[in-house]
Structure formats: C-alpha cells, structure tokens
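Chemist: Sequence isn't available, so here's the structure alone:
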C-alpha cells in the first residue's frame, strides 16, 4: 500500500474503532498519536488540522482533499507517521497485517507505484528524464 493510502486507511480505521467504542487503549493511543503527528505537519493550516478530528464518514467524504493536503505537507514522506499508521493498522486489522497487506518500503527512485486494493492508475512518462507529463 502506498504511503498516502496507508495513512488515510489508518485514520479511517482508528476513527471507526474509536467511534464504535470497540478500540482498546493501544488503538486509541495509536490513533491519537497519528493525528497529533499529522497535525504538526499541518501547522499553520487550521483546516488541515481540523480534518484530523473528523468522523470516519467525514474523512471518507474529503479523502481527495486530504490526499492533496497530506502530499503538500510531506506527511507521506515522514517515516515516523508511516510507522505509526502501520502500527495502528496492525492493531485494528491483525489478520490483514499478518499477511503483510500494510507493508510499505521504497528503496531508491520510484515512479508510478500503486499497491493496494481496487486501484486504477494512468501514468505517462517521457523517455528522456522519466518525469511524468
């Protein structure tokens, strides 16, 4: 799963578990920790920070906007945030975690990577420098 989807999936899972009051202390602590780390990245962006306090259905409704904000703030490049998101998903989805569904690792230059369920992606790269058009 690529980092942005991993982070959003973790936010929705944490919000869902917390809202249903089925989350244990570890899940709630991980979820609160993830939100705090992301809010720090959104410093100076009250709207972005406010998105972190949304209900699961609200997070899903603004997913496109949240993806843009995550990318713009570099949240998806923060290894600590990725690690906390992975831990939260391990706690909320232990069966899927056990088969490695939430593992993300990039080494070196990557382009056009899509990992996860039900993805559609269209890329076009020029042949000279590998930058997308």
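Modeler: Done, it's in. From a predicted model like this one, the values you see are computed outputs, not experimental measurements.

Chemist: From here on, just use CA atoms for contacts and neighbour counts.
Modeler: OK.

Chemist: And for residue 80, the neighbour number?
Modeler: 13 (other C-alpha atoms under 10 Å).

Chemist: Check which helix or strand it maps to.
Modeler: Using DSSP states H and E, residue 80 sits within helix 79-92.

Chemist: Repeat that for residue 40.
Modeler: Applying DSSP H and E, one finds residue 40 within helix 25-41.

Chemist: for that helix, which positions count as buried?
Modeler: Neighbour-count burial for helix 25-41 flags 27, 28, 30, 31, 32, 33, 34, 35, 38, 39, 41 (criterion: 16 or more other C-alpha atoms under 10 Å).

Chemist: quick one, what contacts the fifth one?
Modeler: Meaning residue 32. Neighbour list for residue 32: empty [criterion: C-alpha atoms under 8 Å, 6 or more residues apart in numbering].

Chemist: Show the model's pLDDT score for residue 36.
Modeler: Here the pLDDT value assigned to residue 36 is 96.

Chemist: Tally up the residues packed near residue 79, please.
Modeler: Neighbour number of residue 79 under other C-alpha under 10 Å is 11.

Chemist: whoops, I mixed them up, residue 83
Modeler: 16.

Chemist: Please consider this matter closed, and thank you.
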